[in-house]
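Student: model the structure of this input:
(2 chains)
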Amino acid sequence: MGLFDRIKKAFGGGEAEPAVVDKYDAGLEKSRSTFGDKLNALFANFRTVDEDFFDDLEEMLIGADVGYETAVRLSDELRESVKLQNAKKPAEVAQVIVAKLVDLYGEAGASEDNTLHYAESGPTIFLFVGVNGAGKTTTIGKLAHQLKEEGKSVLLAAGDTFRAGAIEQLQEWGRRDGVPVVATEAGGDPAAVVYDAVQRAKAEQVDVLLVDTAGRLQNKVNLMKELDKIRRVIVRELPDAPQEVLLVLDATTGQNALSQAKEFNQTTQITGIVLTKLDGSGKGGIVLAIRNELHVPVKMVGLGEGMDDLQAFDPNKFVYGLFKGLIDAPAED
Amino acid sequence: MAFEGLSERLQKAFAGLRRKGKVTEADVRDTMREIRLALLEADVNFGVVKTFIKAVREKALGAEVLDSLTPGQQIIKIVNDELIATMGEAAVPLNKSPHIPTVIMMVGLQGAGKTTTVGKLSKYLIDNEKARPLLIAADVYRPAAIDQLQVVGASVGVPVFELGTEVDPRDIVRQGLAQADLQHNDYVIIDTAGRLQIDEKLMTELADIKAIANPDEILLVVDSMTGQAATEVAAGFNERLDLTGVVLTKLDGDTRGGAALSIRQVTGKPIKFIGQGEKMDALDVFYPDRMANRILGMGDMLTLIDKAQKNFDEKQALEVAEKIKENTFDFNDFLDQMDQVSNMGSFDDIMKMIPGLANNPAMKNFHVDPKDVAHQKAIVYSMTPAEREDPDLLNPSRRRRIAAGSGRPIVEVNRMIKQFNQSKQMMSQMYKGNFSGMEGLMGGGIQGKLGKMAMNNMVRKQKKNKKKRLKNMKRFKS
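Tutor: Numbers count the residues shown, from 1 in each chain, chains lettered A, B, ... in the order given. Prediction:
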């Protein structure tokens, strides 16, 4: 009963909410409908709450890519809190579970810093790393656009000299954004490109330098060493840089994302994660898994193909987008 | 990671299980929990895991446990076999059009590896079929996608048809196909833009391109690192386009690649190729057994099972060989036979004791010189152990040596071998308990129940001796 009221209120109410929330809302339409629908179906299927119920809940969490261990831990905690609050009717249980899930989402990220850091003086450098096809270049293109809009001067470094058309791709973004790009010919030394870019950023007092790198699988030792070298070049030229090393992660990635985060962290000490393609079927469970196991915060999310679809990561809005229809509109706070 | 040590955990779980002849319900329950975990950690979709486990459970229950395996290992073997079976045929070839060009269309999410795969596939076709493909650049959305295809095309020496980014992909495909017709290209590969399966507008575009190009192959390119979403993606594309196959990319990473099973289960379409590297020749045909091994992540366990099974087979083979050995007649048996006979007394006396042989007129001329037996023994003793076991070795040169060694003329050696071959034939029949065809032997032949009994007795005794001998030999060797 109560649950349906809430759903109705949330969908029907439609009070004016900030545009950003709408963005999340739209971007997560797919993931939410899957996650939320499943949760609803789950509640509808059970007249009483028993072990089967929690088994199914566990399965649902696994389906959201949170990983097996996280799913088991979560459902155990949920089982506890349902018991504690002595909830018996499915509707009550639903409320307890949803509240707990939101808490857990928030809790895991509470101590983490979701903002991007900029240098106090001199150029800021963001280094983008990740596996092939994660969306590094696209993310840089979008971010450059946004930084430019904010009135910052931006420089791009085409550190992906390996993949066919990668330099052209970044140059095209540079052209669209009206931002200069430092590049060599294909097959050049990426560390040299980065060196040139850092020199130019220093000389021209550029606000932000975004460094693109070639996609590499985290188990390729030599390619990971190359990344280490790029990082060393940056540190040698500007000891405080790079201010951010961002791992670009495809939201549809499964458990391998943990391995990616771990390996890239070891080589380049990643400071944050950019979760891309969250507008697809990726359910965001991976965020929970990474935050639980690696304590690397998500700093940005890609919610679509448009220039403005790259958003700063806000756990509350993220959770809201994911669970809208199941929880009270958090617009109150 | 969570997964490390699964094999050890499994082994520990199995250690407690007593060896049984059949897989019991308890075995299945315990093992299936671990299998489920293994598949989930490998990113197999949980729905797929559920149906898969159910199928395996039915198969496993009551299955015979191989001699050398524990029930748990037996179940893993069943799981592995089932995985291989589910993932279907190995090396499914590309569909080919009866007349050129064969049109191949690549579809998939953003960043799955479509363009790279187009390049690899071109190289594969050139290397294997001396093909002359034309690539059509139908990705007008992502910046520099056309540049990428051109660079890829140039690196494998294949022309690229493109009309820039201002033209509708449908028109590009239409004109590209016309050009392929003109140039008599035998393959046309269409590189489409990455898109979400829920993007209505772009999916319609793909459906339109399909209608225009009427492709022989629509290959879904999927990142092997894809998680639970793999089923939705594959189902989405399959519903709209009726795929003909799947290419799994980035398998050179350390992903377990459970997506392969999910996709196969959901679409029923074969996985035709896998991408295993960044170089243009890093495209391989798909082998379900390797993939199953990877997904299950129990490589060492499976090797163990394999080995156990092999040992089991070897043991069986050895037993069979021994049986054959026991049932063959060689010079050792010949010696044995002669010993047996000579222990009974003189040949003449024995013959008379056999019912039907006494007073047989044919026996009148049948005399056995006791020395003959000694001579024959001497000949056998002059043989090497190998020759005794395998009489076929006896070539003229060896026979000469034996004759010299035993001090008998070569004709006698030859005669003795001939006799031996006759007895061998006879004995092999007798071992089988078949006395027919022996009636003509020794004049009137062996008649009556008693005669048969005597012969049987002899055979039995000989077999016993032989077994003893083989056993001793083994003990000696080891």
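Student: next SSE after the helix or strand containing B:Lys272?
Tutor: Assigned by DSSP states H and E, B:Lys272 falls within strand B:271-275. In the C-terminal direction, the helix or strand that comes right after strand B:271-275 (DSSP H and E) is strand B:283-285.
Student: what are the contacting residues of that next one?
Tutor: With CB atoms under 8 Å, 6 or more residues apart in numbering or on different chains as the test, strand B:283-285 has contacts from B:90-91, B:117, B:120-121, B:123-124, B:272-276. Backbone N, C-alpha and C define where each C-beta goes, glycine included.
Student: thinking again about what came up before, may I have the strand holding B:Lys272 exported as PDB, CA atoms only?
Tutor: Provided in PDB are the C-alpha atoms of strand B:271-275 (Å, rounded to 0.1, in the frame of the first residue of the first chain):
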ATOM      1  CA  ILE B 271      30.400 -17.200 -31.400                       C
ATOM      2  CA  LYS B 272      32.400 -17.100 -34.600                       C
ATOM      3  CA  PHE B 273      35.600 -15.300 -33.700                       C
ATOM      4  CA  ILE B 274      37.500 -14.000 -30.700                       C
ATOM      5  CA  GLY B 275      39.800 -11.000 -30.600                       C
END
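Student: neighbouring strands - and their directions - for it?
Tutor: As defined by DSSP bridges, the strand partners of strand B:271-275 come to strand B:245-249 (parallel), strand B:283-285 (antiparallel).
Student: from what I see, B:Asp186 and B:Ile100 are in contact.
Tutor: Yes. With contact defined as CB atoms under 8 Å, B:Asp186 and B:Ile100 form a contacting pair (4.4 Å).
Student: quick check: closest non-adjacent residue to the residue of the stretch 201-350 of chain B found nearest chain A.
Tutor: Chain A sits closest to B:Gly227 of the stretch 201-350 of chain B, with a gap of 2.5 Å, by CB to the nearest CB. Excluding its sequence neighbours, the residue lying closest to B:Gly227 (CB to CB, 6 or more residues apart in numbering or on different chains) is A:Gly254, at 2.5 Å.
Student: for that neighbour, grab the count of nearby residues.
Tutor: 33 (other CB atoms under 10 Å in any protein chain shown).
Student: give me every residue that touches it.
Tutor: Neighbouring residues of A:Gly254 by CB under 8 Å, 6+ apart: A:65, A:286, B:43, B:225-228, B:230, B:255, B:258-259.
Student: can you check B:Leu94 too?
Tutor: Contacts of B:Leu94 by CB under 8 Å, 6+ apart are B:102, B:104, B:216-217, B:245, B:272.
Student: again, only using 7 Å
Tutor: B:217, B:272 (CB atoms under 7 Å, 6 or more residues apart in numbering or on different chains).
Student: helix/strand/coil for it?
Tutor: Assigned with DSSP: H, G, I helix; E, B strand; the rest coil, B:Leu94 falls in the coil class.
Student: how about the helix or strand harbouring B:Arg57 as PDB, C-alpha atoms only?
Tutor: Assigned by DSSP H and E, B:Arg57 belongs to helix B:46-60. Backbone C-alpha positions of helix B:46-60 (Å, rounded to 0.1, in the frame of the first residue of the first chain) are rendered in PDB as follows:
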ATOM      1  CA  PHE B  46      22.500 -14.900 -13.100                       C
ATOM      2  CA  GLY B  47      19.500 -15.900 -15.000                       C
ATOM      3  CA  VAL B  48      21.600 -18.000 -17.400                       C
ATOM      4  CA  VAL B  49      23.400 -19.400 -14.400                       C
ATOM      5  CA  LYS B  50      20.100 -20.500 -12.900                       C
ATOM      6  CA  THR B  51      19.000 -22.400 -16.000                       C
ATOM      7  CA  PHE B  52      22.400 -23.800 -16.600                       C
ATOM      8  CA  ILE B  53      22.800 -25.100 -13.000                       C
ATOM      9  CA  LYS B  54      19.300 -26.700 -13.200                       C
ATOM     10  CA  ALA B  55      20.300 -28.500 -16.400                       C
ATOM     11  CA  VAL B  56      23.500 -29.800 -15.000                       C
ATOM     12  CA  ARG B  57      21.900 -30.800 -11.700                       C
ATOM     13  CA  GLU B  58      19.600 -33.200 -13.500                       C
ATOM     14  CA  LYS B  59      22.400 -34.600 -15.500                       C
ATOM     15  CA  ALA B  60      24.700 -35.000 -12.600                       C
END
